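> take this sequence and fold it.
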Amino acid sequence: MSDMPSSETFVEQDRLGVPALLDALTDLVERARAMPMSSSVLVNRNEALDLLDELREQLPTQITRADEVLSDAGHVLDDARDEADRIVAAARARAQELVAREEVVRVAQGRAEEIVTQARVEAERLRHEADDYCDRRLAEFEIDLGKLVTQVQAGRARLGQRLAQDSPET
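Numbering: from 1, shown residues only. Prediction:
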């Protein structure tokens, strides 16, 4: 039939990620047989639909993974807050025990504040990294989907031109 790999070959490769599926779909269109005297091509509908189905299945998985990363960052932030609360509580208890020693109390309070500040900085850094990661992943999805939309629009435009040329003049 054709020397192109079928979409089944692409889909069977351990369930490809979104970028690989988009590459496979692009490859399918690029390798499609050209129509004589036209910029249109013949694309195997089943192969294209298989790749699009796989893409539909993968997108929610990728988005779920991004949500998991955000959730993990939230847990780390919560753990850091809990740890900071425990440290502050411990520092206060210790300070009360040493109330007679004013200098020791001041040192303990200063250290507790440093630890709380460090925990907040670390939690903010982790949250920022998680947000940055999710933003980058979503930007990649946006670019990939934009390319796909552009390809679909171009194909529809070509089909519209061909339909306009083929329609009987009245």
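
> spell out the residue ranges of the helices in the protein.
Secondary structure of the chain (DSSP state H): helices at 7-11, 18-30, 45-97, 102-166.

> distance to residue 39 added to these, as a markdown table?
Where C-beta positions appear, they are placed from N, C-alpha and C, glycine not excepted. As requested, those are exported to a markdown table (distance: least, Cβ to Cβ, whole Å):
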| stretch | distance to residue 39 |
| --- | --- |
| helix 7-11 | 23 |
| helix 18-30 | 12 |
| helix 45-97 | 18 |
| helix 102-166 | 6 |
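
> TSV for those, including mean pLDDT?
What follows is the helices of the chain, written out as TSV (pLDDT from 0 to 100):
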stretch	mean pLDDT
helix 7-11	43
helix 18-30	85
helix 45-97	84
helix 102-166	91
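
> make a markdown table out of those and add mean neighbour count.
Compiled in a markdown table, the helices of the chain are given as follows (neighbours: other Cβ atoms under 10 Å):
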| stretch | mean neighbour count |
| --- | --- |
| helix 7-11 | 17 |
| helix 18-30 | 18 |
| helix 45-97 | 14 |
| helix 102-166 | 13 |
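
> out of these, which gets nearest to residue 36?
helix 102-166 (12.5 Å; Cβ to Cβ).

> please name every helix or strand in contact with the closest one.
If contacts are counted by 3 or more Cβ pairs under 8 Å, 6 or more residues apart in numbering; DSSP states H and E, helix 102-166 sits against helix 18-30, helix 45-97.

> how about the residue lying closest to residue 58 once chain neighbours are set aside, what does it touch?
In space, and not counting its chain neighbours, residue 58 is closest to residue 18: 5.1 Å by Cβ to Cβ, 6 or more residues apart in numbering. Residue 18 is in contact with 55, 58-59, 62, 140-141, 144, counting by Cβ atoms under 8 Å, 6 or more residues apart in numbering.

> swap the cut-off to 10 Å and go again
Counting by Cβ atoms under 10 Å, 6 or more residues apart in numbering, residue 18 makes contact with 54-55, 58-59, 61-63, 137, 140-141, 144-145.

> ok, of the residues you listed, which one's closest to residue 26?
Distance to residue 26, by Cβ to Cβ, is smallest for residue 144 among the contacts of residue 18, at 10.1 Å.
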